[in-house]
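S.K.: Turn this into a model:
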Amino acid sequence: MFTTLLHKITKYPVVQIILVAVVFVLGILIRTQYFDQESKDIYAYTKAIADLTSGINPYKWTVETFSNIDDPSNHGFAYLPGMLYLDTALMYLGDFLKIDFKYIWKVPVLIADIGIGIFIFLATRKRSFFLRILMVAIWFFNPYAYFRGGYTYFDPITIFFMLLSLYYLEKNSVKSGLLYALAISTKTFPYLIFPVFVFTLLPVSITQFKQNKNILKTELAKFLMAGLAVAILISLPFMKSVEDFSTYLNGAVFVHAERFVQGRPFLYYISYYWKIELFRIIPFGVYTILASFSGWILNRTYLTWFLPLFLIATTRIFRKWYYVVLVNATFYVFCAWYLIPWERGFHEWHP
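M.R.: Just a heads-up that it's a prediction; the model follows:
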């Protein structure tokens with residue numbers, strides 16, 4: 001009876017339009033209320049922009065800060081330069097429009113957040129409207145975004161490019177490669193799904209190679225060459241010398257092996273409640289590697305990139321709508337249970 005009533009209510013276009021508008025507007029509002037916040041990394045971003053525009057390699061400062069073992073939480077800009085270029089353009093635009101940088105750099109992040117919501121809605125179009133709008137609502141009000149009370153990250157930009165690259169994977173290998181490289185240029189975590197591209201394009205590429213004997217005309221080669229073109233293009237400003245390029249690679253990629261553990265690590269959680277100092281048993285380097293593959297329950301980055309794929313996958317794996325709801329509700333409750341104590345402080349939960 002409930003299912004029948006639900007479908008009757010949501011089958012009307014006007015009701016659907018209202019529900020979509022409400023979910024998207026509320027999702028936007030919970031983010032814009034934090035537009036005045038400044039990230040603890042704001043100095044790293046602004047200094048990197050100042051160095052870049054002055055002709056100084058910003059990754060030189062990055063390498064130096066990561067070498068300071070006395071202050072592991074204070075570090076320079078430690079990503080590939082995709083966001084650095086975007087932030088530089090936004091800073092100039094903000095100066096022209098008299099808008100503070102802490103506001104204007106969040107605009108493309110919000111646009112990407114909205115884009116991800118639209119992507120989820122379109123990618124679940126074969127299911128009922130109820131499930132589609134529910135998946136979008138879970139994205140906009142995901143535990144990290146809703147319970148954390150802040151908006152000082154740019155992960156949605158990376159995730160949006162990553163989702164678009166997956167969309168074009170079997171449609172246009174060049175576009176897929178370009179978008180995938182753009183995603184990695186802003187943050188490197190999309191490397192985790194690289195095998196998906198390879199194993200998807202490899203069979204058809206083998207067939208193409210057998211037919212024309214030209215490996216450059218295969219879909220996998222087109223994908224890789226498009227990505228390589230982006231990689232070269234974004235790296236050009238740091239190719240003035242071997243030393244310059246080496247500093248760039250060290251600061252953008254290799255310093256992460258020595259990076260102080262961030263996010264909401266599950267091992268910290270266990271250590272606090274069970275009084276087990278796991279970080280004295282397991283070296284930080286091991287944790288860093290493990291976090292790449294199991295980090296979706298550990299910190300913001302891995303939770304947020306995993307969530308859209310999880311939402312879409314559940315609508316395709318489970319035929320019954322209540323299974324989709326049950327699985328996503330369980331996941332949501334677990335993440336909320338895990339993340340809320342971090343925000344309130346453990347002392348309020350476990351004196």
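
S.K.: any idea which residue sits dead centre in this structure?
M.R.: A centroid search over the chain (Cα atoms, centre = their mean) returns residue 155, at 3.5 Å, as the residue closest to the centre.

S.K.: distance of it from residue 216?
M.R.: 34 Å (Cβ to Cβ, to the nearest Å). Glycine gets a C-beta too; all of them are placed from N, C-alpha and C.

S.K.: on that earlier part again, is the closest residue to the residue nearest to the centre of the chain other than its chain neighbours within a helix or a strand, and which one?
M.R.: Residue nearest to residue 155 in three dimensions, not counting chain neighbours: residue 304, with 5.0 Å by Cβ to Cβ, 6 or more residues apart in numbering. For residue 304, the host element (DSSP states H and E) is helix 300-317.

S.K.: by how many degrees do the lengthiest helix in the chain and helix 300-317 diverge?
M.R.: In the chain, taking DSSP state H as the definition, the longest helix is helix 321-344. Comparing the axes of helix 321-344 and helix 300-317 via axes from the mean of the first three to the mean of the last three Cα atoms, to 10 degrees yields an angle of 170 degrees.

S.K.: what's helix 321-344 packed up against?
M.R.: In terms of contacts (3 or more Cβ pairs under 8 Å, 6 or more residues apart in numbering; DSSP states H and E), helix 321-344 is packed against helix 129-140, helix 143-148, helix 266-274, helix 300-317.

S.K.: Deepest-packed of those helices, please.
M.R.: Using mean count of other Cβ atoms under 10 Å, the stretch among the helices and strands packed on helix 321-344 with the largest mean neighbour count is helix 129-140, at a mean of 21.

S.K.: any idea of the mean pLDDT for that one?
M.R.: The pLDDT scores in helix 129-140 average 94.

S.K.: So which elements touch that helix?
M.R.: Against helix 129-140 (3+ Cβ pairs under 8 Å, 6+ apart) you get helix 2-10, helix 13-32, helix 106-123, helix 300-317, helix 321-344.

S.K.: Just put these in JSON lines and tack on distance to residue 135 and mean pLDDT.
M.R.: Output for those, formatted as JSON lines (distance: least, Cβ to Cβ, whole Å; pLDDT from 0 to 100):
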{"stretch": "helix 2-10", "distance to residue 135": "14", "mean pLDDT": "68"}
{"stretch": "helix 13-32", "distance to residue 135": "10", "mean pLDDT": "92"}
{"stretch": "helix 106-123", "distance to residue 135": "5", "mean pLDDT": "96"}
{"stretch": "helix 300-317", "distance to residue 135": "4", "mean pLDDT": "84"}
{"stretch": "helix 321-344", "distance to residue 135": "7", "mean pLDDT": "83"}
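
S.K.: So for residue 80, which of these sits nearest?
M.R.: Closest to residue 80 of the helices and strands packed on helix 129-140, according to Cβ to Cβ: helix 300-317, at 14.5 Å.

S.K.: what's the spacing between that closest one and its chain's center?
M.R.: Mean-position distance between helix 300-317 and its chain equals 11 Å (Cα atoms, centre = their mean, to the nearest Å).

S.K.: And stretch 241-260, by the same measure?
M.R.: 21 Å.

S.K.: do stretch 218-229 as well
M.R.: Per Cα atoms, centre = their mean, the centroid offset for stretch 218-229 relative to its chain is 23 Å.
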